[in-house]
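[1] Next input, structure requested:
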Amino acid sequence: MAEIVKVSNMAGITAEALRRVRAALDNGQQEARLFSLALSGGSTPGPFHEGLAVESNIDWSRFVVLWGDERAVPPNHADSNYRAAHQQLLSKVAPMAVWRMAGEASDLSKAAKNYEACIRSLPGAKISMAILGMGDDGHTASLFPGEAAVTDRLVAETPEPYPGKHRRLTLTDAGLDACEEVLILVSGENKADRLAEVLAGGDLPLARILANRRNKPTTVIVDGPAAKSL
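    Model (predicted):
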């Protein structure tokens, strides 16, 4: 089962996530290897990105930055996860490499295969750490309720999750299962009941991810309002 860490507020989520990134970096330093970090979209990871941008004593030349998911939009689009991360973090630091999901590609299936090839080129063919959020419907990355689990690919294209919403590229169940460590950041009272449902099991996307990773380093960092139903 995932480790559940309760903190008081969004600042606490950010501080705990940063602490765990530093710990993972220290472990990787001992092995002198690259640190690959998959970022997330949504409102909750934003403060984490901003906090990471001002962290001291981080050797960004060791970082490969990736994404857990991306909307089918150009990188300068207001809905782009890349655009948000660039504004909050990447414009302020200089990682060794930034591997953007090509959401603007005309062939998203091919873009997914290309991104999977990038992941498989990493040491051990694994992402060191993925940062995830949770939607109030129980989705994570761009894995939405009602969609079948994808276990034969690390990256996949997905249809519009709801009418009028963008198609996506996303790490799949298999892709998230292959990450060395996963941090899930959950904030807000509007997510409290859904988080309780996820932690009780079932077939919501995040519940599946937690079940798949029951014996792998996985942490849910949750603030007081989101933890009220636990």
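[2] check contacts around the residue nearest to residue 96 when sequence neighbours are not counted.
    Nearest residue to residue 96 in three dimensions, chain neighbours excluded: residue 61, at 5.2 Å (C-beta to C-beta, 6 or more residues apart in numbering). For the C-beta atoms, the positions are set from N, CA and C on the backbone; glycine is no exception. Residue 61 sits next to 94, 95, 96 when contact means C-beta atoms under 8 Å, 6 or more residues apart in numbering.
[3] repeat for residue 181
    20, 24, 128, 129, 130, 216, 217, 218, 219.
[4] dump the residue contacts of the last one.
    For residue 219, the set of contacting residues under the criterion of C-beta under 8 Å, 6+ apart consists of 2, 3, 4, 5, 20, 181, 182, 183, 184.
[5] Could you rerun that using 7 Å?
    2, 3, 5, 20, 183, 184 (C-beta atoms under 7 Å, 6 or more residues apart in numbering).
[6] beta partners for the second one?
    With beta bridges defined as DSSP bridges, residue 3 has these partners: residue 219.
[7] low pLDDT regions in the protein?
    Applying pLDDT under 70 to the chain flags the ranges 28-32.
[8] Just give the closest residue to residue 16, not the sequence neighbours.
    residue 221 (5.0 Å).
[9] The one you found: which element?
    Assigned by DSSP states H and E, residue 221 belongs to strand 218-222.
[10] try residue 23
    Residue 23 belongs to helix 10-31, assigned by DSSP H and E.
[11] Would you mark the buried spots in the helix or strand following that helix?
    Note on helix 10-31: by DSSP H and E, the next helix or strand toward the C-terminus is strand 35-39. For strand 35-39, a neighbour-count test (16 or more other C-beta atoms under 10 Å) marks 35, 36, 37, 38, 39 as buried.
[12] which residues sit in contact with the third one?
    What it means is residue 37. 63, 65, 128, 129.
[13] Which ones among the residues you listed map onto strands?
    63, 65, 129 (DSSP state E).
[14] Now tabulate the residues you listed in TSV and tack on neighbour count.
    Listed next are the ones in strands among the contacts of residue 37 as TSV, based on neighbours: other C-beta atoms under 10 Å:
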residue	neighbour count
63	21
65	22
129	21
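[15] Of the residues you listed, which is the nearest to residue 111?
    residue 65 (17.4 Å; C-beta to C-beta).
[16] That closest one contacts residue 100, correct?
    No. Between residue 65 and residue 100 there is no contact under C-beta atoms under 7 Å: 8.7 Å.
[17] what are the ranges of the strands in this structure?
    3-6, 35-39, 63-67, 69-71, 97-98, 129-132, 155-158, 168-171, 181-186, 218-222.
[18] Out of the ones you listed, which is the most enclosed?
    The highest mean neighbour count among these, using mean count of other C-beta atoms under 10 Å, belongs to strand 168-171: a mean of 28.
[19] Would you mind putting the CA coordinates of it into CSV?
    Output of strand 168-171 as CSV, limited to C-alpha atoms (Å, rounded to 0.1, in the frame of the first residue of the first chain):
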residue,chain,number,x,y,z
ARG,A,168,-4.1,13.7,-24.7
LEU,A,169,-0.8,11.9,-24.6
THR,A,170,-0.2,10.1,-21.3
LEU,A,171,1.9,7.6,-19.4
